[in-house]
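In: Let me see the structure of the following:
(one chain, ligands or ions: 1)
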Amino acid sequence: MFQKILIANRGEIALRIQRACRELGIPTVAVHSTADAEAMHVRLADESVCIGPPPARESYLNVAAILSAASITGADAIHPGYGFLSENAGFAEMVEAHGMTFIGPSPAHIRMMGDKIAAKTAMASLGVPLVPGSDGAVPDVETALAVGKKIGYPVLVKAAAGGGGRGMKVARSAEEMEDAFRIARSESLAAFGNDAVYIEKYLDRPRHIEMQILADSQGSVVHFGERDCSLQRRHQKLLEEAGSPAISPEQRTALGETATSALRKLGYRNVGTLEFLYQDGQFAFIEMNTRLQVEHPVTEMICGVDLVREQIRVAAGNALGYTQDDIVFNGHAIECRITAEDPETFMPTPGRVTAYHAPGGLGVRIDSALYAGYFVPPFYDSMVGKLIVHAPNRLEAINRLRRALEEFAIVGIKTTIPLHQKIIEDPEFQAGDYTIHWLERFVAR
Ligand code: ADP
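Out: This next block holds a predicted model:
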């Protein structure tokens, strides 16, 4: 097992990883920017190192500073969390070149899945169904128009290097293609330094269903079922459920087998998530994330597994020690992402949290680094916490979520708690009857 783990992240996920390490008896090193000197992940760490000024580029993305922090503290492994350097193959390579373990997949797999065109090509060859679209990258408008004609409008122009819902543009007809193509390309270049784009059929009423996978270095691959992440605004997830209200146990098993068999053939290791769009009874792969997801707790709740502990165990070379048959799904879980944003305008609301009270009780979990007196800095992602509930079934989970949201008090800054309270009272949400486009219409009305 590792002697000491450096956690190259901040906020709730840094705490989440720290908690798993503590339970495993592994000391941790926190890194932080000057803006985060008072952050909870720093206060609770065994050791901490300041790695730079507030902008992420100079701190949480500062590879040299992070590697130096690991080396001066004697860490032998680095957990990247999500976001920041978690899907940076070059970083993973450098960690390994410095004789430390990167807690995640191989750099080659990170690189492959980070290029969505390469990811789709690989998945197709491994027998995974895809959303219909262009055969690889689309170099110019003429080709884009030819693809549009072939697969039919509307289509979505997507960045090969995309992430966080950026670099995506819909073209509803041939007339809209030139603009969509040009904008997707320039957005992609600006955001990711890469202007490669591809085209997919734009699905009008899909659900976003993703499969949680775990693999050891000995070739064992299991799945922990699906999450339904259809509730999105600007292609960003807001509320997630496990399991999906739209998927039967048989569909879960079948999709799980498709995903595990593909990753077994690929020789993948550590955690991963295959994302699919689901419409008219068909699953179609869109991308794979080669890291822990924000929404992993809903899976943990229904499977009774600690995914971060599993990541650490398999990264240290341990075999899974169990098989698919040992994984039992229990009840229903829902997660609300709570952000420091105005619940109506979605403007960020950084500032001082003057009072804080987290809900508790049976089946309630809070993953957050907030505390009374904490100043939410303006420099980073606006998510300040996740409220996760678990109950024997979906109706009881919603009832539990309602009372937990009522108990939750974050005073001093506006948060999206009132938005979640509205969503869960909607009859369509309660019936589980929603697609990826539902929330945009809900917030607009
Ligand atoms: P990112 O990496 O930026 O998150 P994804 O490919 O995962 O990009 O897509 C993010 C979201 O965009 C999906 O969850 C879905 O809501 C929407 N989306 C992606 N592809 C399509 C498509 N072909 N048709 C309709 N919606 C799509």
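
In: Which positions in the stretch 201-350 of the chain make contact with the ligand?
Out: The stretch 201-350 of the chain comes close to the ligand at residues Lys201, Tyr202, Leu203, Pro206, His208, Gln232, His235, Glu275, Leu277, Ile286, Glu287, as judged by Cβ under 6 Å from any ligand atom. The C-beta positions use only the backbone N, C-alpha and C, and glycine is treated the same way.

In: Specify which member of those residues is nearest to Phe91.
Out: Closest approach to Phe91 among these (Cβ to Cβ): Glu287, at 19.7 Å.

In: Domain map for the chain?
Out: What automatic domain parsing lists as the domains of the chain is 5-103, 132-201, 207-443.

In: pLDDT averaged over the second one - what is it?
Out: So that's domain 132-201. Mean pLDDT, domain 132-201: 94.

In: any idea how far that domain is from the chain center?
Out: Here domain 132-201 shows a centroid-to-chain-centroid distance of 23 Å under the convention Cα atoms, centre = their mean, to the nearest Å.

In: What residues of stretch 129-137 count as buried?
Out: Leu130, Val131, Gly133, Ser134 (16 or more other Cβ atoms under 10 Å).

In: what subset of those is also close to the ligand?
Out: When contact is defined as Cβ under 6 Å from any ligand atom, the buried residues of stretch 129-137 meet the ligand at Val131.

In: Considering the buried residues of stretch 129-137, which is situated nearest to Ala184?
Out: For those, the nearest to Ala184 is Ser134 (12.3 Å; Cβ to Cβ).

In: picking up where we left off before, now secondary structure too, for the buried residues of stretch 129-137, in TSV please.
Out: Formatted as TSV, the buried residues of stretch 129-137 follow (DSSP: H, G, I helix; E, B strand; the rest coil):
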residue	secondary structure
Leu130	strand
Val131	coil
Gly133	strand
Ser134	coil
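
In: Spatially central residue in the protein, please.
Out: Gln293 (3.2 Å; Cα atoms, centre = their mean).

In: which residue does the stretch 51-200 of the chain bring closest to the ligand?
Out: Proximity to the ligand, evaluated over the stretch 51-200 of the chain using Cβ to the nearest ligand atom, is greatest for Glu200 at 3.8 Å.

In: what pairs with that residue across the strands?
Out: Glu200 has these beta-bridge partners by DSSP bridges: Gly133, Leu156.

In: ok, now the one 10 residues further on?
Out: Beta-bridge pairing for Glu210 (DSSP bridges): Arg227, Glu275.

In: Let me know the pLDDT of it.
Out: For Glu210, the pLDDT comes out at 98.

In: do Arg445 as well
Out: Residue-level pLDDT assigned to Arg445 equals 83.

In: tally of neighbours for the closest residue to Ser186 other than its chain neighbours?
Out: Leaving aside its sequence neighbours, Ser186 sits nearest to Asp195 (Cβ to Cβ, 6 or more residues apart in numbering; 7.3 Å). By other Cβ atoms under 10 Å, the residues close to Asp195 number 17.

In: which residues sit in contact with Asp195?
Out: Asp195 makes contact with Arg185, Ser186, Ser188, Leu189 under the criterion Cβ atoms under 8 Å, 6 or more residues apart in numbering.

In: and the third one, that's in a strand?
Out: The one in question is Ser188. No: counting by three-state DSSP, Ser188 is not part of a strand but helix.

In: Might one say that it is in contact with Val157?
Out: No: using Cβ atoms under 8 Å, Ser188 is not in contact with Val157, being 9.2 Å away.

In: Need the overlap of contacts for the two.
Out: Residues within reach of Ser188 and of Val157 at once, by Cβ under 8 Å, 6+ apart, are Val197.

In: Compare neighbour counts for those two and give me the winner.
Out: Taking other Cβ under 10 Å, Ser188 and Val157 do not tie; Val157 has more neighbours (31 against 24).

In: which residues touch the nearest residue to that one once chain neighbours are set aside?
Out: Using Cβ to Cβ, 6+ apart and skipping residues adjacent in sequence, the residue nearest Val157 is Ala184, 4.0 Å away. By Cβ under 8 Å, 6+ apart, Ala184 lies in contact with Val157, Lys158, Ala159, Gly167, Met168, Lys169, Val197.

In: How about the contacts made by the last one?
Out: So that's Val197. Val197 touches Ala137, Val138, Val157, Lys158, Ala159, Ala160, Gly167, Phe181, Ala184, Arg185, Ser188, counting by Cβ under 8 Å, 6+ apart.

In: Quick one: distance of stretch 318-331 to the chain centre.
Out: 22 Å.

In: Name the residues that touch that stretch?
Out: Outside stretch 318-331, the residues that touch it by Cβ under 8 Å, 6+ apart are 214, 216, 218, 220, 222-225, 243, 249, 252, 256, 260, 301-305, 310, 314, 390-393, 397.
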